[in-house]
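> Sequence below, structure please.
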Amino acid sequence: MHHMIPWLACLLPAGASQTHRTWARPLVCLVGIVCLIGQMTLWNSLVQGAENTAAREQAQQWTAEARTLARAGNITQAEELLKQALALVEQVFGPEHLHIATSLDSLADFYWTQRRWGEAEALYQRALQIREAALGPAHPAVATSLNHLGDLYRAQGRWSEAEPLLQRALQIRDVALGPAHPDVALTLNNLGFLYYNQGRWADSEALHQRALQIREVALGPRHLDVARSLLNLGLLYTRQGRWGEAKPLLQRALQIREAALGPAHHLVAQSLNILAAVYSGQGRWGEAEP
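Coordinates of the predicted model:
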């Protein structure tokens, strides 16, 4: 005697004849096979998703370890880990996935710190291409890539190439995130540095002032990014010999950093050195002494 799976029996009317049941068995078997395939597909998707998550987490772990190694001066090991992280996500997700852009940025950031400009540029450009293709030209993630590439050009003195990229990044972030978003302040900061490098004092000052206002409102007056903006504006005034305007900004930046990082941190030392230069510029030699 043939037995049907109970939940498949509902496909037949309660009073169906034996002939009808015999005719229906192939259909019932077909439905069972389809359901089994569906279950297997779901299971494979779950397994694949778990493997993808594991690969991404491994890549993130290697990236974090690489940054620690780089800070400790283990440059070769740091580079190898970052390359492994990139190779892993490329193997798992394919060469055009958005996760690839993140790993490309990490390796490019590393090359930037080593002043390996050409290698950093190639990786930033590839990350930009991936994001534009996947997300469209007006997405905030595209602005991130534009910001990276523009600031890389600024650091090399390639100012005519840097400015349009940074301006485009600023426009995207202004529209997509709103004019008061901290990411807008980041691009304002980089564009302000570009104008500082070019001696365009008024343009640089306007951007740094706006970045400071955004950060104070969005992050609070004691955030380290606020200290960064205060320092940027203070350096701009120092460069112009505007000592009286520079001093209170630099003093406030120093206070924020000491409170957040402690007196022995290298960023505190940086603020002290800049403030000492202001005192020296004013001829206040005694105050310039450590």
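> measure Ala143 to Gln167 for me?
11 Å (CB to CB, to the nearest Å). Quick note: C-beta positions are derived from backbone N, CA and C, even for glycine.
> Who has more neighbours out of these two?
Neighbours per residue (other CB atoms under 10 Å) separate Ala143 from Gln167, with Ala143 holding more: 28 against 15.
> Report all helices and strands that the host helix or strand of that one contacts.
Per DSSP states H and E: Ala143 is located in helix 140-155. Packing partners of helix 140-155 (3 or more CB pairs under 8 Å, 6 or more residues apart in numbering; DSSP states H and E): helix 98-113, helix 117-135, helix 159-177, helix 182-197.
> Deepest in the core, which of these is it.
helix 182-197 (a mean of 23; mean count of other CB atoms under 10 Å).
> for the protein, what are the low-confidence residue spans?
Along the chain, the parts satisfying pLDDT under 70 run over 1-51, 281-290.
> Surely Glu65 touches Leu81?
Yes - with contact defined as CB atoms under 8 Å, Glu65 counts as touching Leu81 (5.7 Å).
> circling back: pipe the helices and strands packed on helix 140-155 into JSON lines and attach distance to His265 per row.
Shown next, in JSON lines, are these (distance: least, CB to CB, whole Å):
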{"stretch": "helix 98-113", "distance to His265": "19"}
{"stretch": "helix 117-135", "distance to His265": "27"}
{"stretch": "helix 159-177", "distance to His265": "29"}
{"stretch": "helix 182-197", "distance to His265": "21"}
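> mind checking which of those helices is nearest Arg215?
Nearest to Arg215 among these is helix 182-197; the distance by CB to CB comes to 5.1 Å.
> Send me the closest one as CSV with only the CA atoms.
Only the C-alpha atoms of helix 182-197 are listed here, as CSV (Å, rounded to 0.1, in the frame of the first residue of the first chain):
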residue,chain,number,x,y,z
PRO,A,182,30.1,65.9,10.9
ASP,A,183,31.1,64.3,7.6
VAL,A,184,30.5,67.7,5.9
ALA,A,185,32.9,69.2,8.4
LEU,A,186,35.5,66.6,7.5
THR,A,187,35.4,67.7,3.8
LEU,A,188,35.3,71.3,4.8
ASN,A,189,38.5,70.7,6.8
ASN,A,190,40.3,69.1,3.9
LEU,A,191,39.2,71.7,1.4
GLY,A,192,40.2,74.4,4.0
PHE,A,193,43.7,72.8,4.1
LEU,A,194,43.9,72.9,0.4
TYR,A,195,43.2,76.7,0.4
TYR,A,196,45.7,77.1,3.2
ASN,A,197,48.4,75.4,1.2
